[in-house]
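>>> just to be clear, the model below is a prediction. Sequence and coordinates:
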Amino acid sequence: GESGGLVVDVFPGVLEADLNAGVVQGVLRTKDILLAESCPGIRNIASLKAAAESGGLYFNIHTDAFPAGELRGQIQGDGCDYTQTPGPQPCNVTVANSGGAKGVKHPNYQSYAPVLNLPTTRRFDARVSLYNPGGIAAEHMEVKYYASRDESFGPNDRNEGFLGVAVRSRIDPRAQESFEAKNILASWGEGKRYIIAAWKSCMLNDYASAVVGEVTLGTAYNESKHAFTLRRR
């Protein structure tokens, strides 16, 4: 082939004189590329790779006997794609995108709903279904349920609004699991609270959360002391 300008000095300096066999290897970086006027299109590793695969580059080995080059070998691509295959993506657990994935209900009912009114009891169930879209199982998963005055999940909810927890050993890759907390005791006096599910995904240090429903209590009701007394006048 035709001679061209120097693009990369693969071995700056002089190799050992007793190097007779073996493999010599190293790493080429963009800063190693010499901006030769004869090769204006080669400016980075990507363009260097493209030129090598198209047969546009060659090695030239210089010796004392032949300073201009004693051995020359054209570089040719073999047609193979050596792009590194990405490994399995980490799990990033989210609420499942399916009907009935979350909700609240009376303990005696079958179906979950987004809104629940409890005029005469403080007990209810809560559920959320979580999906793992990644390629790695989410291990030791637990969902904690909280009551909040608004739809956000803040420090006060963590400290004062805890209701219960649902635990599962794992969520397999590209699978979903349901986390149900049964017979939760509503610990606030009366009025509406947002029921929030919070969990730690394996990609996050902090909790992810979602509102699963709204629960409204009637007048103040104490389950442990709900009794009456008959008096004779």
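Perfect, thanks for sending it.
>>> residue 59 bridge partners, please.
With DSSP bridges as the criterion, the beta-bridge partners of residue 59 are residue 73.
>>> for it, give me the pLDDT.
In the predicted model, residue 59 carries a pLDDT score of 74.
>>> against residue 179, how distant is residue 5?
Noted for residue 5: a distance of 65 Å to residue 179, by C-beta to C-beta, to the nearest Å. C-betas here are computed from N, CA, C, even on glycine.
>>> tell me which stretches of the chain form helices.
According to DSSP state H, the chain carries its helices in the segments 45-53, 155-160.
>>> pick the most buried one from those.
Highest mean neighbour count of these: helix 45-53, a mean of 15 (counted as mean count of other C-beta atoms under 10 Å).
>>> before we move on, the earlier item: nearest to residue 73, of the helices of the chain?
Ranking the helices of the chain by proximity to residue 73 (C-beta to C-beta) places helix 45-53 first, at 11.8 Å.
>>> what's the closest of the helices of the chain to residue 102?
Among the helices of the chain, if distance is taken as C-beta to C-beta, the winner is helix 155-160, at 17.0 Å.
>>> helices and strands around the closest one, which ones?
On a contact count with 3 or more C-beta pairs under 8 Å, 6 or more residues apart in numbering; DSSP states H and E, helix 155-160 meets strand 138-148.
>>> now the strand it packs on, how far from the chain's geometric center?
The offset between the C-alpha centroid of strand 138-148 and the centroid of the whole chain comes to 17 Å, using C-alpha atoms, centre = their mean, to the nearest Å.
>>> picking that back up, between residue 5 and residue 179, which one's more packed in?
Between residue 5 and residue 179, residue 179 has the larger neighbour count (other C-beta atoms under 10 Å), namely 23 against 12.
>>> which residues does that one bridge with?
Note on residue 179: beta-bridge partners residue 128, judged by DSSP bridges.
>>> returning to that earlier point: mean pLDDT lowest for which of the helices of the chain?
Among the helices of the chain, helix 45-53 carries the lowest mean pLDDT, a mean of 77.
>>> grab the CA positions of that helix and hand them over as PDB.
Output of helix 45-53 as PDB, limited to C-alpha atoms (Å, rounded to 0.1, in the frame of the first residue of the first chain):
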ATOM      1  CA  ILE A  45     -10.100   6.800  19.300                       C
ATOM      2  CA  ALA A  46     -13.400   6.300  17.400                       C
ATOM      3  CA  SER A  47     -12.000   7.700  14.200                       C
ATOM      4  CA  LEU A  48      -8.800   5.700  14.700                       C
ATOM      5  CA  LYS A  49     -10.800   2.500  15.100                       C
ATOM      6  CA  ALA A  50     -12.900   3.200  12.000                       C
ATOM      7  CA  ALA A  51      -9.700   3.900   9.900                       C
ATOM      8  CA  ALA A  52      -8.200   0.600  11.200                       C
ATOM      9  CA  GLU A  53     -11.300  -1.500  10.400                       C
END
